[in-house]
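Visitor: Give the three-dimensional model of this entry:
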Amino acid sequence: MTRTVAPVTEAAAPTPLVEPRDGVPDVVTTERGLVQAAQALSEGGGPVAVDAERASGYRYGQAAYLVQLRRAGSGTWLIDPAACPDLSPVDEALHDVEWVLHAASQDLPCLAEVGMRPARLFDTELGARLAGLARVGLGSVVEELLGLTLAKEHSAVDWSTRPLPQDWLRYAALDVEVLVDLRDAVAGLLAEQGKLDWAEQEFQALVEAPPTPARVDPWRRTSGTHKLRSRRQLAMLRELWNSRDALARQRDISPGRVLPDAAMVAAVTAGPRTMEELVALPGFTGPAARRNGKRWLEALARGRRTDEGDLPLQSLPSDAPPPPRAWPDRDPDAAARLSFARAGIAELSERLAVPAENLMTPDTVRRVLWTPSPDAELDQRLAELRARPWQVELVGPILREALTKRAGDASQPDTAADG
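Guide: A predicted model of the protein is given here:
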């Protein structure tokens, strides 16, 4: 049954949501329980609210350690993927049902790992962005649109803990308690603003998005890498990162808890060769540093011995345009095109109350303007870059006009078309 929500007035104080309407359910930890959950969910009605809890910062990777589902007529279900790693029975039960998630792109990868992939979805966070809400976190949107407050004190806990404390389970159940009600409220806003079709295109794009490819040289994302000035230092960092990653994977612990990024960069910069030199560095104090110290010193030594031909480049080759700050020197006409387009998109963003990056991703804008295609091919190029039809319709004319600009052209884009 859908909860009836009173209209929220500016003077009304939000009501704390402290207890699930059906109580906190037991966690499903057996195949028999999983079959029962799938059967109950299949017999429910309407959209299904879906959420997942990970152990980010505690465990290696981004696996789900709890999956929460709620559907009218079937209640709330909490499922333990560690005990039931294959949730395909639930996926099959919901194959033709709209899934409601908040910030779906965060949860879809870990749900796919346990066999759950929606055919249709509604993302309340993305919908709230398109509707022009200033704050789009789950608690903020629930408070603004439903007049309820959600506790968030357990959002960053270690969800791999077993057994899960009752307070955590209550928090998890409440995360899907009013998600379908929120979906209806956001959809109503979007419909009023004439943006519901835009949102539906965005949601379908999330469903159809290909898996994120494995990152090339993931060690380059180490915080502080920009401080390293030589390829030899990069080789040392690469070896240290790979050694840390292997240990973290083996121990199933977040790499940052094995050795912080700052400690790795400090070690590469200082170049210690003895245990005494190593443990004197920030981040290497304590028993763990001595226990793994030999491992870190060997990694640094491998980096020093790397053959010249195997040293990593200072930066990876890329087909992406250069940073915008370099455009005026490298191609003044391209810089003029970008300046014109940015101004037009910013004005359109303000008028439609849609963030500029949702109107068109900055990367797509830069690629189109750095290496322009013939005007007749612009729409095709945008489609190849995965721009949605609504984005092409709204931003395409701005980009088309921008492609005519040259350095020194101060004219402004005409964005008066009805949005």
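
Visitor: Which helix or strand contains the spatially most central residue of the chain?
Guide: In the chain, the residue lying closest to the centroid (C-alpha atoms, centre = their mean) is Gln106, at 4.3 Å. Element membership for Gln106 (DSSP states H and E) is helix 104-113.

Visitor: what's that helix packed up against?
Guide: The helices and strands touching helix 104-113, judged by 3 or more C-beta pairs under 8 Å, 6 or more residues apart in numbering; DSSP states H and E, are strand 45-54, strand 64-72, strand 120-123, helix 196-208. All C-beta spots, glycine's among them, are computed from the backbone N, C-alpha and C.

Visitor: list the buried ones in that helix?
Guide: 104, 107-108, 110-111, 113 (16 or more other C-beta atoms under 10 Å).

Visitor: As TSV, these with pLDDT and distance to Ala40 would be great.
Guide: Formatted as TSV, the buried residues of helix 104-113 follow (pLDDT from 0 to 100; distance: C-beta to C-beta, whole Å):
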residue	pLDDT	distance to Ala40
Ala104	98	23
Asp107	97	21
Leu108	98	23
Cys110	97	23
Leu111	98	19
Glu113	97	23
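
Visitor: and the residue nearest to the centre of the chain, what pLDDT?
Guide: According to the prediction, Gln106 has pLDDT 95.

Visitor: what's around Leu348, how many residues?
Guide: 22 (other C-beta atoms under 10 Å).

Visitor: I figured it hits Val395, correct?
Guide: Yes. Between Leu348 and Val395 there is a contact under C-beta atoms under 8 Å: 7.2 Å.

Visitor: what touches both of the two?
Guide: Taking C-beta atoms under 8 Å, 6 or more residues apart in numbering as the contact rule, Leu348 and Val395 both touch Leu359.

Visitor: which stretches of the stretch 251-400 of the chain have low pLDDT?
Guide: Counting by pLDDT under 70, the stretch 251-400 of the chain shows no low-confidence range.

Visitor: any idea where the strands of it begin and end?
Guide: Per DSSP state E, counting those that start in this stretch, the stretch 251-400 of the chain carries no strands over any range.

Visitor: Nearest residue to Arg386 in space, ignoring adjacent ones along the chain?
Guide: Leaving out its chain neighbours, the residue that sits closest to Arg386 by C-beta to C-beta, 6 or more residues apart in numbering is Ala205, at 6.9 Å.

Visitor: And for the one you found, the neighbour number?
Guide: Look at Ala205: counted by other C-beta under 10 Å, it has 14 neighbours.

Visitor: For it, give me the pLDDT.
Guide: We have a pLDDT of 97 for Ala205.

Visitor: Would you mind measuring from the residue nearest to the centre of the chain to Ala131?
Guide: With the distance defined as C-beta to C-beta, to the nearest Å, Gln106 ends up 19 Å from Ala131.

Visitor: Would you mind giving the domain segments of this protein?
Guide: As given by automatic domain parsing, the domain ranges for the chain are 15-208, 218-310, 324-402.

Visitor: Distance to Leu316 added to those, as JSON lines?
Guide: Compiled in JSON lines, the domains of the chain are given as follows (distance: least, C-beta to C-beta, whole Å):
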{"stretch": "domain 15-208", "distance to Leu316": "23"}
{"stretch": "domain 218-310", "distance to Leu316": "7"}
{"stretch": "domain 324-402", "distance to Leu316": "16"}
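
Visitor: from memory Ala356 sits against Gly344, does it?
Guide: No. Taking C-beta under 8 Å as the definition, Ala356 is not a contact partner of Gly344, at 10.1 Å.

Visitor: the more surrounded of those two?
Guide: Using other C-beta under 10 Å as the criterion, Ala356 and Gly344 rank with Gly344 on top: 20 against 17.

Visitor: mean confidence score for stretch 59-78?
Guide: Averaged over stretch 59-78, pLDDT sits at 97.

Visitor: To clarify, my last question referred to stretch 43-53.
Guide: Mean per-residue pLDDT for stretch 43-53: 98.

Visitor: Name the surrounding residues that touch it.
Guide: By C-beta under 8 Å, 6+ apart, the list of residues contacting stretch 43-53 from outside reads 2, 41, 64-74, 94, 97-102, 107, 110-111, 116, 118, 122, 159, 172, 175-177, 179-180, 183.

Visitor: Check stretch 247-256 too.
Guide: Against stretch 247-256 from outside (C-beta under 8 Å, 6+ apart): 56-60, 244-245, 257-258, 292, 295.

Visitor: Now do the same contact list for Ala64.
Guide: Residues near Ala64 by C-beta under 8 Å, 6+ apart: 52-54, 81, 107, 110-111, 113-114.

Visitor: that older thread, now, among the contacts of stretch 247-256, which is nearest to Gln36?
Guide: Using C-beta to C-beta, Arg59 comes nearest to Gln36 of those, at 27.9 Å.

Visitor: Tell me, how many residues neighbour that closest one?
Guide: What Arg59 shows, counting by other C-beta under 10 Å, is a neighbour count of 19.

Visitor: rewinding a little: okay if I get the helices and strands packed on helix 104-113 as JSON lines plus distance to Trp327?
Guide: Below are these laid out as JSON lines (distance: least, C-beta to C-beta, whole Å):
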{"stretch": "strand 45-54", "distance to Trp327": "39"}
{"stretch": "strand 64-72", "distance to Trp327": "42"}
{"stretch": "strand 120-123", "distance to Trp327": "33"}
{"stretch": "helix 196-208", "distance to Trp327": "28"}
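
Visitor: wait, which of those is closest to Val265?
Guide: That would be strand 45-54 among those, by C-beta to C-beta, at 26.4 Å.

Visitor: What pairs with the closest one, parallel or antiparallel?
Guide: strand 64-72 (antiparallel), strand 98-101 (parallel) (DSSP bridges).

Visitor: hey, C-alpha coordinates of that strand in CSV?
Guide: Output of strand 45-54 as CSV, limited to C-alpha atoms (Å, rounded to 0.1, in the frame of the first residue of the first chain):
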residue,chain,number,x,y,z
GLY,A,45,2.4,-4.8,-7.4
GLY,A,46,3.9,-1.7,-8.9
PRO,A,47,7.6,-0.6,-8.9
VAL,A,48,10.1,-2.2,-6.6
ALA,A,49,12.4,-0.1,-4.4
VAL,A,50,16.0,-1.4,-4.5
ASP,A,51,19.1,-0.5,-2.6
ALA,A,52,22.5,-2.0,-1.8
GLU,A,53,25.0,-1.5,1.0
ARG,A,54,28.7,-1.9,0.4
